[in-house]
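In: Need the 3D shape of this:
(one chain, ligands or ions: 1)
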Amino acid sequence: MLAVIVSQNSALLRHLSATPFRRVDIDLHIAATGEEAVAISQQVSPAVAILDAEMPVLSGYEAARRIKSDCPDCRVVLILGKRISGEQLRQVSETGCDEVLIAPMSADELYDVVALQLGLPRRGSEAFTVTPAVIMNDGDRAIDGQVTNLSVDGVRMVVPEPLSEGTRLRLTIRQEGDARPIEITGQVVWAQEGDGETTIGASFEDLDPETRSRLARLTQWDLLQEADRIRVVIKGDITEASSFDDLVPLLVGRVDFDLSQVSYINSLGVREWISFLRKANIQGYEMHACSVPFILQAAVIPSMVGRGTVVSFFAPYYCESCDHHADRLLQSAAVLAAGYQPPMLPCPECGESMELDDIPERYLGFLQPDELAD
Ligand SMILES: [Zn+2]
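Out: Residues are numbered from 1 along each chain as shown. As a prediction, this is how the structure comes out:
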């Protein structure tokens with residue numbers, strides 16, 4: 001069970017009992033004052049503390065600072081109001097808190113931050129294993145192979161033996177929590193030998209519609225139906241090989257995109273994505289936890305976001321003291337509230353401050369001032 005301390009705040013308490021948190025075993029401790037939060041933290045060594053900056057008796061800032069010094073492993077998320085002054089920003093970075101969120105936020109936004117801090121799995125990122133075999137005349141021969149890219153069209157793999165073009169392969173894909181494996185056959189179309197291993201590209205033979213759709217959900221997108229909206233998790237590379245056509249008819253009403261697993265986008269992928277957003281007949285959509293490759297494109301091509309709103313996104317951060325690089329999840333509202341200033345965050349390695357490793361005006365180019373309105 002994860003011990004969590006939270007300020008007595010009805011919105012936060014509601015979020016912690018909402019859908020995304022239901023799969024986490026939480027031992028919840030409610031603190032009415034900052035002093036209580038510190039006292040509880042000394043008894044339960046919490047995994048995470050979610051604190052209102054403005055708490056009675058002892059402020060959230062001071063409580064955060066004391067909790068971080070008593071239990072350095074506790075992740076502290078500080079909740080601030082809609083406008084942040086320079087003085088507040090300074091206080092935030094002095095507390096050593098791990099994340100900042102601006103209220104009001106949704107249960108999803110809170111979950112994304114907590115899940116990331118605690119290393120919990122993201123929804124729609126269930127693990128799968130791929131077992132490759134070479135198809136021989138007299139049956140299959142299992143091979144070792146490390147899959148570096150898997151899509152509905154084919155696979156890229158590193159194998160510790162020479163394999164020639166034309167070799168026929170069978171892949172067995174087992175997904176966590178799904179008893180029925182996916183079986184696919186394909187053929188090596190290119191092979192590159194070097195250093196005792198071979199990198200191969202294989203294309204799949206015609207997939208039946210069911211297999212194709214199961215593979216698409218594993219490698220390209222997944223749908224999670226939630227109470228009042230659909231959550232669409234986009235995965236992997238977006239290139240000319242990507243196709244979201246199967247997704248379009250499934251999207252109705254409100255849609256949240258989770259873009260944390262987008263690993264790469266090329267210019268043809270940009271085109272595919274924009275045309276998908278135009279075709280999708282959805283009322284309104286939000287983009288959550290956008291990956292760095294997605295934001296790098298959106299920063300120069302506003303249509304990547306379309307009529308949607310970026311709620312949160314990853315940004316490359318750098319620690320000058322110890323050379324540590326990490327992608328950090330930022331909430332758009334927090335950046336906007338601070339006047340486009342990306343927050344300084346403590347380095348998990350050395351505790352010094354980490355800063356955005358890009359030019360803020362460029363990286364944050366996708367944030368439109370009108371997002372301040374709501
Ligand atoms: Zn550092």
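In: who touches the closest residue to the ion within the stretch 1-150 of the chain in this structure?
Out: As assessed by C-beta to the ion, the ion sits closest to residue 96 within the stretch 1-150 of the chain, at 12.7 Å. Bear in mind the C-beta positions are built from the backbone N, C-alpha and C, glycine included. Neighbouring residues of residue 96 by C-beta atoms under 8 Å, 6 or more residues apart in numbering: 64, 65, 68, 69, 76, 346, 351.
In: Looking at those, which are in helices?
Out: Among the contacts of residue 96, DSSP state H puts 64, 65, 68, 69 in helices.
In: Could you list which residues are in contact with the last one?
Out: With contacts defined as C-beta under 8 Å, 6+ apart, residue 69 is in contact with residue 96.
In: Over to the third one?
Out: By C-beta under 8 Å, 6+ apart, the contact set of residue 68 is 74, 76, 95, 96, 97.
In: from those, which is closest to residue 196?
Out: Compare each of the contacts of residue 68 with residue 196 using C-beta to C-beta and the shortest gap goes to residue 74, at 45.6 Å.
In: tell me the contacts of the closest residue to residue 353 other than its chain neighbours?
Out: Sequence neighbours aside, residue 344 is the residue nearest to residue 353 in space, at 4.5 Å (criterion: C-beta to C-beta, 6 or more residues apart in numbering). Applying C-beta under 8 Å, 6+ apart to residue 344 gives the contacts 93, 353, 354, 355.
In: Centroid-nearest residue for this structure?
Out: residue 260 (3.1 Å; C-alpha atoms, centre = their mean).
In: Hmm, residue 244 is touching residue 221, no?
Out: Yes: with contact defined as C-beta atoms under 8 Å, residue 244 counts as touching residue 221 (6.9 Å).
In: Residues touching the worst-scoring helix or strand of the chain on mean pLDDT, excluding its own?
Out: The helix or strand of the chain with the lowest confidence, counting by mean pLDDT, DSSP states H and E, is helix 86-95 at a mean of 81. Residues from elsewhere that reach helix 86-95 (C-beta under 8 Å, 6+ apart): 53, 61-62, 64-65, 68, 76, 78, 80, 84, 100, 338, 341, 343-344, 353.
In: cool, and stretch 175-186?
Out: Here stretch 175-186 has contacts from 126-128, 135, 154-155, 168-174, 202-205, 207, 211, 214-215, 218, using C-beta under 8 Å, 6+ apart.
In: Helices of the stretch 151-300 of the chain, residue ranges please.
Out: 209-219, 267-279, 292-298 (DSSP state H, counting those that start in this stretch).
In: Deepest-packed of those helices, please.
Out: helix 292-298 (a mean of 22; mean count of other C-beta atoms under 10 Å).
In: Could you identify the helix or strand that succeeds that helix?
Out: strand 309-310 (DSSP states H and E).
In: Check which residues of the next helix or strand after that following strand are buried.
Out: Downstream of strand 309-310, the first helix or strand assigned by DSSP H and E is strand 312-319. Residues of strand 312-319 classed as buried under the neighbour-count rule (16 or more other C-beta atoms under 10 Å) are 312, 313, 314, 315, 316, 317, 319.
In: Taking these together, which two end up most distant?
Out: Counting by C-beta to C-beta, the most remote pair of those is 312 and 319, 21.4 Å apart.
In: now the residue nearest to the centre of the chain: how far from residue 305?
Out: 15 Å (C-beta to C-beta, to the nearest Å).
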